[in-house]
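S.K.: Quick check, what structure comes out for this input:
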Amino acid sequence: MFRTWFERFLFGCRFLLTPLYFILAISLLALLAKSGIHVYELVSHLSQLSDETVLLSVLGIVDMTLSASLVVIVFISGYTNFVAPVEMRPDDGRPHWIAEIDFGELKLKLMASIVAISAIKLLEGFMDIARESDRELAWLVGIHMTFVVSAVLLAVADRLGHRSRTTPNHRLPAVEGD
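M.R.: As a prediction, the model looks like this:
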């Protein structure tokens with residue numbers, strides 16, 4: 001009896017994740033506001049900015065867009081995987097693939113987004129090479145390569161895990177007359 005109650009309690013605690021996913025959704029407003037500030041500063045000073053500075057500003061907006069997309073993937077697929085399934089209807093206009101991401105796919109999408117964000121930071125560093133020290137650039141490259149290697153290893157591990165779960169038993173069929 002205690003075990004049943006305890007298991008129900010633990011399983012019910014998954015709903016404690018709901019406010020965290022809600023807070024993540026609200027955090028999109030901060031990313032949107034920060035992107036708006038970047039665009040305002042870019043447009044208001046456009047005539048005084050060099051091409052490289054404009055490109056760096058645009059890369060900053062791309063970075064925030066990728067971060068916002070990452071947040072959306074986390075809160076929708078996290079809610080669906082850990083709290084409750086999201087009901088999808090054929091003509092509701094929702095991207096159905098988000099609610100169908102399993103935990104393995106979620107990890108890979110997160111790592112791919114982190115690698116993309118890291119690549120943008122690295123590109124920003126190389127675009128502003130006059131202001132970056134060799135040490136800072138080396139750190140950017142090292143961190144980016146760490147994310148790339150981690151993503152590749154995670155993908156390989158996930159693929160091997162799927163293969164071992166889906167590989168049928170390779171026994172030879174029995175021959176009649178044996």
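
S.K.: Distance check, residue 50 against residue 41.
M.R.: Look at residue 50 and residue 41: by CB to CB, to the nearest Å, they are 14 Å apart. For the C-beta atoms, the positions are set from N, CA and C on the backbone; glycine is no exception.

S.K.: Break the protein into its domains for me.
M.R.: Following automatic domain parsing, one gets these domains for the chain: 1-90, 102-165.

S.K.: Any buried residues in stretch 54-74, and which?
M.R.: Using 16 or more other CB atoms under 10 Å as the burial criterion, the residues of stretch 54-74 that qualify are 56-57, 60, 62-64, 66-71, 73-74.

S.K.: any idea which helix or strand of this protein has the worst average confidence?
M.R.: One helix or strand of the chain scores below all others by mean pLDDT, DSSP states H and E: helix 96-99, with a mean of 67.

S.K.: re earlier: residue 50 and residue 41: who's more crowded?
M.R.: Neighbour count, other CB atoms under 10 Å: between residue 50 and residue 41, residue 41 has more, with 13 against 8.

S.K.: Reformat the domains of the chain as TSV; add mean pLDDT.
M.R.: Formatted as TSV, the domains of the chain follow (pLDDT from 0 to 100):
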stretch	mean pLDDT
domain 1-90	89
domain 102-165	86
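
S.K.: Pull out the buried residues from stretch 149-157.
M.R.: Buried residues in stretch 149-157, counted by 16+ other CB under 10 Å: 151, 154.

S.K.: what's the distance between that stretch and the middle of its chain?
M.R.: Between the centre of stretch 149-157 and the centre of its chain there are 14 Å (CA atoms, centre = their mean, to the nearest Å).

S.K.: do the same with stretch 151-165
M.R.: 17 Å.

S.K.: what's that stretch in contact with?
M.R.: Residues outside stretch 151-165 that contact it (CB atoms under 8 Å, 6 or more residues apart in numbering): 104, 107, 108, 111, 112, 114, 115.

S.K.: Quick check: the two most widely separated of these?
M.R.: Greatest spatial distance in the contacts of stretch 151-165: 104 and 115, 16.8 Å, computed using CB to CB.
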